[in-house]
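> predicted coordinates and the sequence they were generated for:
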Amino acid sequence: MTQRTPDPDIYLYDTLQRRKVRFEPTTPGRVGMYLCGPTVYSDAHLGHAKKEVSFDVVRRALMHFGYEVRYVTNVTDVGHLQNDSDDGEDKLLARARLEQLEPMEVADKYFWSFVSDMDALNILKPSINPRATGHIPEQIALIEELIARGHAYESESSVYFDVRSWPEYGKLSGRRLDDQEEGTREAVREEKRDPRDFALWKRAEPAHIMRWTSPWGEGFPGWHIECSAMSLKYLGEGFDIHGGGLDLQFPHHEAEIAQAEAAGHPFARYWMHNNMLTIGGEKMSKSKGNFTTLKDLLTVHDPMVIRFLLISSHYRSITEFSDAAFDSARSGYRRLTEALHELERRLPSAPEREDAALREKIAGYVAAFEDALRDDFNTPRAVAALFGLTTDVNAALNGGEVGRPALEAARAAYRTLGGDVLGLFADSPATQQDDTQVVGALMELVLQARQHYRLNKQYAQADALRETLTAVGVTVEDTKEGSRWKR
Ligand SMILES: Nc1ncnc2c1ncn2[C@@H]1O[C@H](COP(=O)(O)OP(=O)(O)OP(=O)(O)O)[C@@H](O)[C@H]1O
Ligand SMILES: [Zn+2]
């Protein structure tokens, strides 16, 4: 990526201030970013990908604009209870029972599944990827600080955060005191001072396998505390950007802020939330069961088309999942790659001639692209700039010879902006899948030609085809059902 002085004019929408603000990191040139990661109890769906791709682009854009980014995203492998409330079974334990696995087997299975999906989508690897179960002491320490400062209390089965002791609770989501938490049993409600109090630590019942010793007996942490503890540990107080899905704004992020700040640790300075990927207007979610896994989508779509679909709408807009959306993403993506491949094909033989007008247009699109990303990471506008570039590049290529400097400039624009910043031209997964499809289709043709020769008793030609294939490592087998090929 280009090395440049950190750009001072990046604007982002801060959920906390409810407006677009100019981004100023605490340490010049460096950005600390935290993103709430997956609860690893099932395969990731397209909704998760919307979140991951959105923040991957934020990270890549900041890098492009000259910042060094430390990107921390967690793995929730304990404490996330069903219904997201203080009650119910741990999502991982429920899954472990269902699949007859150890809870940590469930965590590992779906963690690695998540990693492979993210790799396919060309998401950059996190700088640090901490797990909740690996940070129990840090979570206990934070809870102790909260108790010591009078912001948490121990009751029958849990340690709770005392919401009434912290008047700022609600500042992120704008929720009022009278909003109640949902889905909690009467018994749990009774041991709380306020129904909105949330669990920091829960005592484990005898049959609960995931348990750790703590000053409050054997148990496990509440869901929210891990993010406060791990983001502070790896990014420090007052770190720059905290991201996550809009659905996590309340109670999860509200709780994260309260836990950190009530313990005396200034928390994230900017809050960014992606909107939801919906299906039939409803949030795609594991618990609703209306999801399509990335694994399934990756068997039919080029991963880069999935990525292109997701960045074609702004991270703060809703993306509606549909076949038509995939069709238009496929053709849009193809438009870009075809132009790029054509100009790369023409480059080696291009004349050393200056095409000033085209060069100027390219520079204009580069500027428009960067302006779009400086404006709250507006990817649809950035993509529009790439389409504009494509229209002009295609017109020039169709019009005859184009000089090498202009082709170089266009190529650099595609590779840097589309490739490095939007992450769209991942060489490996995308092209591999393309190649597999192309090879399959070509082999189909070759076998048909060979069949045609054989039917017409042109055995010499049929054998010649087979020998050529053998020479490149492809074997053809004739069976009763017809000819088959393998490598
Ligand atoms: N449909 C979606 N669109 C965008 N982001 C999503 C979507 N679903 C989940 N996320 C984000 O992915 C992260 C992990 O979400 P989570 O594990 O709760 O998924 P989920 O499908 O909502 O599961 P559950 O239904 O069990 O709550 C969160 O930051 C969440 O905001
Ligand atoms: Zn979190």
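That came in fine, so what should we check first? Computed from a prediction, not measured in an experiment: that's the story for all the values here. Residues are numbered from 1 along each chain as shown. Ligands and ions are numbered 1, 2, ... in the order given.

> from memory residue 57 sits against residue 423, does it?
Yes. Checked against Cβ atoms under 8 Å, the pair residue 57 and residue 423 is within contact range at 6.9 Å. Where you see a C-beta, it was placed from the backbone N, CA and C, and this is true even at glycine.

> and the residue nearest to residue 89 when sequence neighbours are not counted, how far is that from residue 101?
Leaving aside its sequence neighbours, residue 89 sits nearest to residue 82 (Cβ to Cβ, 6 or more residues apart in numbering; 5.5 Å). From residue 82 across to residue 101, the span is 18 Å (Cβ to Cβ, to the nearest Å).

> do the same with residue 94
12 Å.

> now the common contact residues for those two.
Shared contacts of residue 94 and residue 101, defined by Cβ atoms under 8 Å, 6 or more residues apart in numbering, are absent.

> contact residues of the stretch 101-250 of the chain facing ligand 2?
residue 227 (Cβ under 5 Å from the ion).

> strands of the stretch 101-250 of the chain, start to end?
Ranges of strands in the stretch 101-250 of the chain, per DSSP state E, counting those that start in this stretch, are 152-154, 158-161, 199-203, 219-221, 241-245.

> tell me how far the second one lies from the chain's centre.
From the chain centre to the centre of strand 158-161 is a distance of 32 Å (Cα atoms, centre = their mean, to the nearest Å).

> need the contact partners of that strand.
Strand 158-161 is contacted from outside by 86, 143, 146-147, 151-153, 188, 191-193, 197-203, 216, 219, 222, 255, 258-259, 262, using Cβ under 8 Å, 6+ apart.

> circling back: would you format the strands of the stretch 101-250 of the chain as TSV with mean neighbour count and mean pLDDT included?
Below are those laid out as TSV (neighbours: other Cβ atoms under 10 Å; pLDDT from 0 to 100):
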stretch	mean neighbour count	mean pLDDT
strand 152-154	20	98
strand 158-161	25	95
strand 199-203	26	94
strand 219-221	25	94
strand 241-245	24	98
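
> make TSV out of the ones you listed and add distance to residue 396.
What follows is the strands of the stretch 101-250 of the chain, written out as TSV (distance: least, Cβ to Cβ, whole Å):
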stretch	distance to residue 396
strand 152-154	66
strand 158-161	62
strand 199-203	62
strand 219-221	59
strand 241-245	39
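
> report the contact partners of the residue in the stretch 1-150 of the chain that ligand 1 sits nearest to.
Closest to ligand 1 within the stretch 1-150 of the chain is residue 47: 2.3 Å, counting by Cβ to the nearest ligand atom. Contacts were defined as Cβ under 8 Å, 6+ apart; by that measure residue 47 touches 245, 276, 277, 283, 284, 285, 291.

> intersect those residues with the contacts of ligand 1.
245, 276, 277, 283, 284, 285 (Cβ under 6 Å from any ligand atom).

> top of the residues you listed by number of neighbours, please.
residue 277 (25 neighbours; other Cβ atoms under 10 Å).
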